[in-house]
Each structure stands twice: as structure tokens, then as C-alpha cells.
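S.K.: Build me a model from this:
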Amino acid sequence: MCGWDNRIYPFRNNGLSYFPLLAILCNWPFYKLADAISMDFWHTSSDDEICQSKVAGSAQSSSAMPDTTEDPEWDTALVVTDEWMKVASERRHSGWESVERKWIESQALQKKGPKASSEMTKEANEAMARFPYPHMAIPTPQLDFDFRMRVVLNSQSASVAVSDGFKKWSTFSDGTFAGQFGCGSVVNGGQESQDVAYGNAAATQVEATHRLQTADKVPAYIECKTRGNMTGSPELVKALQDPETSKDANPRLCPFRVFITMKTSDERYASKLNTGMWIGSCLWRGLEVVYDAYRIS
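M.R.: Okay, here's the model as predicted:
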């Protein structure tokens, strides 16, 4: 029976190509399949006429065809199964077999994905669900070195009692700065600091205001404010702030980071400094503090 019967072949109209299956049922050589498609033969005759004509001429075609040896690396025999058509697994081309193996491995990796997410804690899942605009890309800030500043503290300081301890106030006796925007001196200013403890770690919270004077013939005055923390072991933090014991202490063992802003009314520097922000990496030893300022861009 060469005619199509939708009861027997319910997949005829499901959008899949039925040319290969029809060729098998009608004993039609596969080399003729391409010719039929290219000649648009399927649109000029009914299904029954096509099958009948091809069945009648199959014997002549097969006898006229030269006897060629089948390439063992390729398989043209198709097997109709419940999963449509598959090439017999024992005769797959070696190249496709490697591709299929990689596909199976990728599927296995995808199956492992949900397990990793299922192992996430409830708090992590809630945080991910509330993460605002997860597909939005925001520019990453860049740090560019801008200037270095050195200040010297007065040996005399004052301590003030506050609700959670004591704050120490110190003024600056000397200082200089130099960088891309200019150079000059620190004419006055001061800083307040407070020692706090967090378990086995100690920190010194620092807020400072510096009055900078540029080296121009007509100098400009700039207000520079810093705020940050120096952290480390309690013994080392205390030793670095003492002029006597700081000589034997290594300030690089105590990270000291500050946030810096500057402001001036001088038009020569206002556009460069008033809207800028900097991150400072600092070293504090005894009465001297050195800042390396990196502009955030």
C-alpha cells in the first residue's frame, strides 16, 4: 500500500518531512529522492501515482545502477521508531558519534545545574530574588593614581570623652602634596581619631581636614577631607601611633584606607577637584601620615 493513510501515519501532517520514509516504503533508491525534490515532482502528481510509478520502475533502476560497495563509515539505512527516525547506532559515522558524546556530556552538566541552585541557602535565594535589575550592566569604577600627600602631626594632642570611648584630636604642623593637578603645602588642619576593637582585631577610625595651598604665584586654597580606618592587631595599631615604639613597627602590616574629597572656590581648580572622588592608601608611623590618592573615574 503506497497511498498515505492518516490513520496509519498520523505524523504525515505534523510538520516533519516524510520523504525519506516514503522512499523506504516504496523501495525507492535514495539517489532518486534528491532528483524528485529538485524537480518539484511532488507537486505534479498524487501520492498514489508517485508510489505506483516508482514501484514499477524500481526494478529497472536497480538493474541499471552499477553495483557499488557501500562505504562502511556511513549508514543510509533508516530505522522508523517511536522517536521518529534514527540512524542505526551500530553503524553511525565516527565523527557524529563524537559529536553525540559531547552533546550527552553537555546535557549531563545542565542537569547538575539545578542541583547546585537547590543547595543554596534560603537567605541566598531570597537575596537573589530581591536583587534589583539583575540583567542591567553598570560601569565598573576605575582607579587612577592622582597625587601623594604627606602630613606631620603635632606632638601635643587632646582627648575628648564621647559616648563610646575617647576621641583624640591632633593638628598638623607640616605637610606637602604633589600630583597631576598641582603641588603645594599643607598649611593647617587636623584630624580626630578613635580606637575601637572588634574581637581580636583593632581599628582606628580617622577623620581629617587639610587646608592645602598650591605653589602657584597666586596660590589657590583647597579644602581636603579624608575619612577611613586603619586596622590590624591591637598591639601593632597602638605601637604605630606612638612616636617611640613606631620605629620598630611595620606600618604595611596595618591596612589604612580613606575616602577623599576636595573643594575649592578657585576657578583654576574647581572643575578638576570639586566633583572628584579619591580612594587613599596610607601609611601611619608615629607623627607622620603618607597618603597615595587614586582618583575614581
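S.K.: from here on, contacts and neighbour counts on C-alpha atoms
M.R.: Noted.
S.K.: Can you give me the buried ones in stretch 236-250?
M.R.: 236-241, 246, 249 (16 or more other Cα atoms under 10 Å).
S.K.: Hmm, I typed the wrong one, I wanted stretch 276-289.
M.R.: Buried-residue list, stretch 276-289, by 16+ other Cα under 10 Å: 277-288.
S.K.: so what's Arg148 bridging to?
M.R.: Ala178, Asp292 (DSSP bridges).
S.K.: What about it, how many residues nearby?
M.R.: 19 (other Cα atoms under 10 Å).
S.K.: Check Asn154 too.
M.R.: Count around Asn154 with other Cα under 10 Å applied: 15.
S.K.: Now do it against Trp169, distance only.
M.R.: Distance, Asn154 to Trp169, using Cα to Cα, to the nearest Å: 10 Å.
S.K.: can you give me the strands in the stretch 51-200 of the chain?
M.R.: 78-81, 84-87, 143-162, 165-179, 182-198 (DSSP state E, counting those that start in this stretch).
S.K.: Now distance to Tyr294 too, for those, in a markdown table please.
M.R.: Shown next, in a markdown table, are the strands of the stretch 51-200 of the chain (distance: least, Cα to Cα, whole Å):
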| stretch | distance to Tyr294 |
| --- | --- |
| strand 78-81 | 68 |
| strand 84-87 | 64 |
| strand 143-162 | 4 |
| strand 165-179 | 10 |
| strand 182-198 | 15 |
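S.K.: Could you save those strands as TSV and add columns showing distance to Glu267 and mean pLDDT?
M.R.: As requested, the strands of the stretch 51-200 of the chain are exported to TSV (distance: least, Cα to Cα, whole Å; pLDDT from 0 to 100):
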stretch	distance to Glu267	mean pLDDT
strand 78-81	83	45
strand 84-87	79	42
strand 143-162	19	90
strand 165-179	18	90
strand 182-198	14	90
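S.K.: Please name whichever of these is nearest to Ile296.
M.R.: Nearest to Ile296, of all the strands of the stretch 51-200 of the chain, is strand 143-162, at 4.9 Å by Cα to Cα.
S.K.: just for the chain, where's the confidence low?
M.R.: 1-100, 110-119, 164 (pLDDT under 70).
S.K.: Which residues does Ile222 form beta bridges with?
M.R.: Leu212.
S.K.: ok, it touching Lys263?
M.R.: Yes. Taking Cα atoms under 8 Å as the definition, Ile222 is a contact partner of Lys263 at 5.8 Å.
S.K.: With neighbour numbers in mind, choose between the two.
M.R.: With neighbours defined as other Cα under 10 Å, Ile222 and Lys263 compare such that Ile222 has more, 21 against 18.
S.K.: mind listing what the more buried one touches?
M.R.: Contact partners of Ile222, counting by Cα atoms under 8 Å, 6 or more residues apart in numbering, are 211-213, 262-265.
S.K.: how about a cut-off of 6 Å?
M.R.: For Ile222, the contacting residues are 211-212, 263-264, by Cα atoms under 6 Å, 6 or more residues apart in numbering.
S.K.: how about the nearest residue to Ala293 once chain neighbours are set aside, what does it touch?
M.R.: Distances taken as Cα to Cα, 6 or more residues apart in numbering place Gly280 nearest to Ala293, at 4.4 Å, with adjacent residues excluded. Shown in contact with Gly280 (Cα under 6 Å, 6+ apart): 257-258, 291-293.
S.K.: looking at these, which has the most residues close by?
M.R.: Most neighbours among the contacts of Gly280, by other Cα under 10 Å: Ala293, with 24 neighbours.
S.K.: Correct me if wrong: it contacts Phe147.
M.R.: Yes. In this structure, Ala293 is within contact of Phe147 by Cα atoms under 6 Å, at 5.4 Å.
S.K.: Common neighbours of those two, please.
M.R.: With Cα under 6 Å, 6+ apart, Ala293 and Phe147 have no common neighbours.
S.K.: hmm, who's touching stretch 211-218?
M.R.: 183-189, 220-223.
S.K.: which of those tops the neighbour count?
M.R.: Val186 (24 neighbours).
S.K.: bridging residues for it?
M.R.: Under the criterion used (DSSP bridges), Val186 bridges to Leu212.
S.K.: Would you map out the domains in this protein?
M.R.: Using automatic domain parsing, the domain parsing of the chain gives 19-92, 143-296.
S.K.: Strand 143-162 and the host helix or strand of the residue nearest to Ala293, what's the angle between them?
M.R.: Secondary structure assignment for Gly280, by DSSP states H and E: strand 278-285. Angle of strand 278-285 versus strand 143-162, following axes from the mean of the first three to the mean of the last three Cα atoms, to 10 degrees, is 60 degrees.
S.K.: Each with direction, which strands does strand 278-285 pair with?
M.R.: strand 256-263 (antiparallel), strand 288-296 (antiparallel).
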